[in-house]
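> here is my input; please provide its structure:
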Amino acid sequence: MAEADIFMGVAFLTQSAAGVLGNSCLLCFYSNTLLTGQMMKPIDPILIHLIFANHLVVLSTGIPHTMALFGWKFFLDDAGCKVVLYLFRVARGVSLNATCLLNGFQVSKLCTRNAWWKNTTRFPKCFGFCGSLFWILQLLINVYVPLRVIGPRHKQNVTLHMRHRYCSSGPPQHSARLLHVVLLISIDVTCLVFMMWASGFMVFVLHRHKQSVWHIRSHIPSRRPVHETRATCTILTLVSMFVSFYCLSAIFTLCVGLNTKPDLWLVDTSVFLDVCFSVLSPFVLISRDTRITQVFYFCTKRKLSS
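Residues are numbered from 1 along each chain as shown. Down below sits the predicted model:
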């Protein structure tokens with residue numbers, strides 16, 4: 001085993017362990033909040049879809065790639081490769097859609113004081129329906145992925161195009177693949193453009209509010225609550241992380257796609273960047289959500305007192 005493979009294996013192992021731990025904790029917390037209705041916020045149903053999609057990204061990509069880097073060979077058969085890479089593409093698409101929806105929700109919340117936004121009974125139904133649509137949309141769009149993925153049973157075929165350490169893709173069918181790539185890129189670009197526009201608009205609203213707050217009298221209830229500003233900053237952080245990692249990953253993925261036999265370090269870097277957002281985003285949410293920090297503080301204080 002090469003020294004570079006050991007180094008990348010340790011990096012992927014650390015990344016996967018952190019991602020599983022962070023997403024599992026958040027998934028349990030938000031699921032319990034949604035089921036019990038205690039301390040529930042309108043944004044929680046969206047976060048559940050985002051966290052579950054991120055959890056699936058880590059499980060379907062980070063863990064298999066870690067196993068491959070530590071020397072495990074052919075641990076997935078043809079069907080396993082198809083399922084794993086299909087789940088990764090679907091979960092990555094849902095993560096993009098959910099982040100986009102978070103952005104749109106916060107923009108609308110900043111632009112209106114309508115009581116409809118405070119209705120905690122409508123939002124779980126609304127975002128539950130939207131989340132289901134995201135999963136159905138991504139399942140249909142990425143149905144082409146398992147048709148191209150080829151498992152280890154074809155490992156003797158020298159015409160395969162390596163895109164992962166543990167699975168390969170068959171020779172490209174230009175017409176079908178071109179249609180699939182155009183569809184994926186159009187959806188991704190639309191979501192990214194919307195997120196960047198919404199993020200810029202939220203920054204503008206917060207900046208304008210900061211400038212005008214000095215001219216507002218204390219008896220006029222027009223100052224935005226602190227928790228609303230905190231939520232906006234959290235979403236801006238998530239969006240900036242997603243766009244940054246997405247663009248970097250797209251560059252490396254393009255480099256991999258342009259080479260018939262790409263270097264393994266390009267493949268490893270592309271996969272590592274693909275998983276980064278899914279690993280880091282739960283810790284951003286944990287650090288910004290006062291409900292979670294209060295739970296941790298209570299548990300720690302109770303353990304110390306006992």
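
> what is the burial count for the nearest residue to Arg288 once chain neighbours are set aside?
If you skip the residues right next to it in sequence, Arg288 has Thr234 as its closest partner in space, 4.2 Å away by C-beta to C-beta, 6 or more residues apart in numbering. Every C-beta, even on glycine, is put in place using the N, C-alpha and C of the backbone. Look at Thr234: counted by other C-beta atoms under 10 Å, it has 19 neighbours.

> wait, Thr234 touches Val284, no?
Yes - look at Thr234 against Val284 with C-beta atoms under 8 Å: they come within range, at 6.6 Å.

> need the overlap of contacts for the two.
Residues touching both Thr234 and Val284 (C-beta atoms under 8 Å, 6 or more residues apart in numbering): none.

> can you give me the helices for the stretch 151-300 of the chain?
Along the stretch 151-300 of the chain, counting by DSSP state H, counting those that start in this stretch, helices occupy 174-212, 226-257, 264-288, 290-305.

> out of those helices, which gets the lowest mean score?
When these are ranked by mean pLDDT, helix 290-305 comes last with a mean of 69.

> now the strands: where do they sit in the stretch 51-200 of the chain?
149-150, 161-162, 168-169 (DSSP state E, counting those that start in this stretch).

> what's the average pLDDT for the second one?
The average pLDDT within strand 161-162 is 50.

> so where's the stretch 1-150 of the chain uncertain?
For the stretch 1-150 of the chain, the stretches with pLDDT under 70 are 1, 37, 112-125.

> leaving out sequence neighbours, find the closest residue to Leu273.
Ser249 is the one closest to Leu273 (C-beta to C-beta, 6+ apart), at 4.0 Å.

> ditto for Phe52
Nearest to Phe52 is Leu27, by C-beta to C-beta, 6+ apart, at 6.2 Å.

> for the one you found, what are its contacts?
If you count contacts by C-beta under 8 Å, 6+ apart, then Leu27 has Ile48, Ile51, Phe52, His55 around it.

> before we move on, what about Thr33?
Here Thr33 is in contact with Met39, Met40, Asp44, Arg291 (C-beta under 8 Å, 6+ apart).

> who wins for neighbours among those?
Among these, the one with the most neighbours (other C-beta under 10 Å) is Asp44, at 20 neighbours.

> that residue touches Phe29, doesn't it?
No - using C-beta under 8 Å, Asp44 and Phe29 do not qualify as a contacting pair, with a distance of 9.5 Å.

> relative orientation of the strand or helix carrying Ser16 and helix 264-288 in degrees?
Per DSSP states H and E: Ser16 is located in helix 3-36. Angle, helix 3-36 to helix 264-288, by axes from the mean of the first three to the mean of the last three C-alpha atoms, to 10 degrees: 30 degrees.

> just the buried residues of helix 3-36, please?
5, 8-9, 12-13, 15-16, 18-20, 22-23, 25-27, 29-30, 33-34 (16 or more other C-beta atoms under 10 Å).

> any idea how far that helix is from the middle of the chain?
Helix 3-36 has its C-alpha centroid displaced from the chain centroid by 12 Å (C-alpha atoms, centre = their mean, to the nearest Å).

> where's Tyr86 relative to Val275, distance?
Separation of Tyr86 from Val275 (C-beta to C-beta, to the nearest Å): 16 Å.

> before we move on, the earlier item: tell me the contacts of the residue nearest to Arg288?
Shown in contact with Thr234 (C-beta under 8 Å, 6+ apart): Val284, Leu285, Arg288, Asp289.
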